[in-house]
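> Return atomic coordinates for the entry below.
(one chain, ligands or ions: 1)
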Amino acid sequence: MSRTRLNEFDVVIVGGGVLGLVMGCLLLTRKLCISGRVAIVTDQPAAAPPLDTDWDLRVFAMSRASERLLKLCGIWNSLPQARVSAYERMCVWDGAGRPRGAGSLTFDCAQIGEPNLGHIIEGRALQWQCLQSARAAGVVLIEGAAASVALGDENVTLELKDGRELRSELLVAADGTESTTRQLLEIGTAGHAYHQDALVGHVKTEKPHENTAWQRFLSTGPLAFLPLGDGRSSIVWSVARDQASHLRAIDPERFGQALTEASGGVLGRCELATTLASFPLKLQYALDYARPRAVLLGDAAHVVHPLAGQGLNLGLLDCAALAQVLGDAQGAAHFGDYRHLRRYERWRRSENLVAAAALDGLERLFSNSEPKIAALRAAGLSAVERMPFMKRRFAQRALGLSGDVPEILKTI
Ligand SMILES: Cc1cc2nc3c(=O)[nH]c(=O)nc-3n(C[C@H](O)[C@H](O)[C@H](O)COP(=O)(O)OP(=O)(O)OC[C@H]3O[C@@H](n4cnc5c(N)ncnc54)[C@H](O)[C@@H]3O)c2cc1C
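Here you go, the predicted structure:
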C-alpha cells in the first residue's frame with residue numbers, strides 16, 4: 001500500500017492497553033510535550049463496558065502507588081465504584097501450613113496504618129476509563145498496527161501496516177508481552193517459561209472472604225482468591241499446563257471440588273460462577289529499555305509471574321518514572337534524547353529486575369516439595385509473621401511506596 005499521510009507528533013505510543021493510555025494522559029495532563037501532540041496507535045481499541053453484565057474475568061490488584069498515579073490522571077475517581085473493591089488483609093500460607101496458623105503470614109492494613117492494602121479493579125472498566133481520560137486529555141487515537149520503525153537523529157518514524165507514517169520525537173512501546181515494536185527496535189529478551197497456565201475465573205464461596213486476599217502456595221503453583229465487592233472472589237490458579245487443560249475440561253461441579261481441596265477449605269465450599277480464562281506464564285525481560293528516540297514500558301519491557309499481582313503496578317511505575325525523566329528534560333532541545341532515556345532505563349530496569357527476581361525466587365521456593373526446604377519455608381514464614389518491622393517493609397513494597405519511587409507519587 002502507498003504511503004498516504006505524514007503525521008507529526010511529540011510522542012507516538014504503540015499499544016492502547018492501560019499503560020499506553022496512562023502514559024498518553026500523563027504526557028498531556030502534566031504538559032510534558034512541546035506542542036502537546038501525542039498519538040496512541042492501537043490494534044484493539046477498548047470497548048464500552050456493559051455495566052449490567054457480570055464482572056469481566058480480568059481483574060487487577062492495584063497498589064497504592066498505582067491508585068495515586070490513576071488519581072493524577074483523573075482516572076481513579078471516574079471508575080465505577082461497583083467494579084472497585086478495597087482489600088484490607090492478605091493471608092499467604094504454605095501448602096503444608098494453615099492459614100493464620102503455623103507456616104502463614106498475615107498482613108492487616110490496620111497494623112501498618114493504611115486504610116487498605118490496595119484495590120481489586122475490573123480490567124474492562126479500568127481500560128475504558130483510561131481511554132476516556134486519554135481522549136479528554138487530547139490524545140489522538142489511531143487504529144492500526146506497527147510495521148516498521150526508522151530511528152533518526154532528530155526524530156523517529158513509525159510506519160503502520162496500512163502504509164501510514166507517523167513521525168515523532170519519541171516512540172514509546174507499550175504493546176505488551178509480544179511487543180512488535182520491541183522486535184522492530186531489535187531489542188532482545190531473556191527469561192524462561194514457567195510451563196504453567198494461570199486459570200482465572202470468579203467463584204462463590206461458602207464462607208465470606210472478609211475483604212482478604214488469600215493465597216496458598218502449593219508445590220504445583222500458587223492459588224489466589226481476590227475479594228470482589230459483590231461477595232465473590234476472583235481466583236488466579238497457577239498450575240502445570242496439563243493440569244490446566246484437565247481443570248478446564250472437567251464440569252463446573254468437579255472443578256469446584258478440586259478448587260475447594262486445593263484451597264484447603266479456607267473459604268469453605270467453592271463454586272465456579274463464571275467461565276474460565278487461561279494465561280500461559282513466563283518470566284521475560286527486555287535486554288534494553290531504550291534506544292535513541294525510543295523506550296519500552298510495561299509488559300513490552302518485563303513480564304513477571306502473577307503470584308503477587310505486580311505486572312501492571314510495575315508498568316504504572318514505569319509510566320511515572322518516564323514522565324519524571326521527560327519532565328526533568330523539559331527545556332532541552334529534544335526530550336527524546338538518548339541521555340534522558342538512558343536515565344529512565346537504568347532506573348526502571350534495576351527496579352523491575354529486583355521485582356522479577358524476587359517473584360521468580362518465591363515461585364521456585366514454594367514449588368520445591370523437598371521436605372527440608374518445606375520445613376525451612378514454613379519456619380521462615382512463621383518467623384517473619386513475628387517481626388512487625390519486616391512485615392511493614394514487605395507491605396510498603398507491595399503498596400509501591402518503597403524503593404526508588406517517582407517524585408510525582410510521593411506528593412499526593
Ligand atoms: C493471570 C494474570 C493475572 C494478573 N494479575 C495482575 C494483578 O492483579 N495486578 C497487576 O498489577 N498485574 C497483574 N497481571 C499483569 C498484567 O496483566 C500486565 O502486566 C498488564 O496487563 C500489562 O499491560 P500492558 O499495557 O503493558 O500490556 P497489554 O495489556 O498487553 O496491552 C498491550 C496493548 O497493545 C496492543 N498491541 C499489541 N501489539 C500491537 C501492535 N503491533 N500495534 C498496535 N497495538 C498493539 C494490544 O492490543 C493491547 O491493547 C496479571 C497477569 C496475568 C497473566
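> switch to C-alpha atoms for all contacts and neighbour counts from now on
Fine.
> what about residue 382, which helix or strand?
Assigned by DSSP states H and E, residue 382 belongs to helix 371-385.
> Pull out the buried residues from that helix.
Within helix 371-385, the residues that qualify as buried are 374, 377-379, 381-382, 384-385, counting by 16 or more other CA atoms under 10 Å.
> In three-state terms, label residue 194 for me.
strand (DSSP: H, G, I helix; E, B strand; the rest coil).
> now the one 10 residues further on
The three-state label for residue 204, taken from three-state DSSP, comes out as strand.
> before we move on, back to that, which neighbouring elements make contact with the helix holding residue 382?
strand 89-94, strand 104-108, helix 338-367, helix 388-398 (3 or more CA pairs under 8 Å, 6 or more residues apart in numbering; DSSP states H and E).
> try 6 Å
Judged by 3 or more CA pairs under 6 Å, 6 or more residues apart in numbering; DSSP states H and E, the packing partners of helix 371-385 are strand 104-108.
> Just the CA trace of the least confident helix or strand in the chain by mean pLDDT, in CSV.
Least confident helix or strand of the chain, by mean pLDDT, DSSP states H and E, is helix 371-385 with a mean of 84. Extracted C-alpha coordinates of helix 371-385, given in CSV (Å, rounded to 0.1, in the frame of the first residue of the first chain):
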residue,chain,number,x,y,z
PRO,A,371,10.8,-31.8,53.0
LYS,A,372,13.8,-29.9,54.3
ILE,A,373,13.1,-26.9,52.1
ALA,A,374,9.4,-27.1,53.0
ALA,A,375,10.2,-27.1,56.7
LEU,A,376,12.6,-24.1,56.3
ARG,A,377,10.0,-22.3,54.3
ALA,A,378,7.3,-22.7,56.9
ALA,A,379,9.8,-21.7,59.7
GLY,A,380,10.7,-18.6,57.6
LEU,A,381,7.0,-17.6,57.2
SER,A,382,6.3,-18.0,60.9
ALA,A,383,9.5,-16.1,61.8
VAL,A,384,8.5,-13.1,59.5
GLU,A,385,5.0,-13.2,61.0
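> Now do it against helix 388-398, angle only.
100 degrees (axes from the mean of the first three to the mean of the last three CA atoms, to 10 degrees).
> Tell me who's in contact with the spatially most central residue of the chain.
Nearest to the mean C-alpha position of the chain, counting by CA atoms, centre = their mean, stands residue 312 at 1.5 Å. By CA atoms under 6 Å, 6 or more residues apart in numbering, the contact list for residue 312 is empty.
> so which strand or helix has it?
helix 311-328.
> Would you mark the buried spots in that helix?
311-327.
> swap in stretch 43-62?
45-46, 49, 55-57, 59-62.
> what subset of these is also close to the ligand?
Restricting these to those near the ligand by CA under 6 Å from any ligand atom leaves 60-62.
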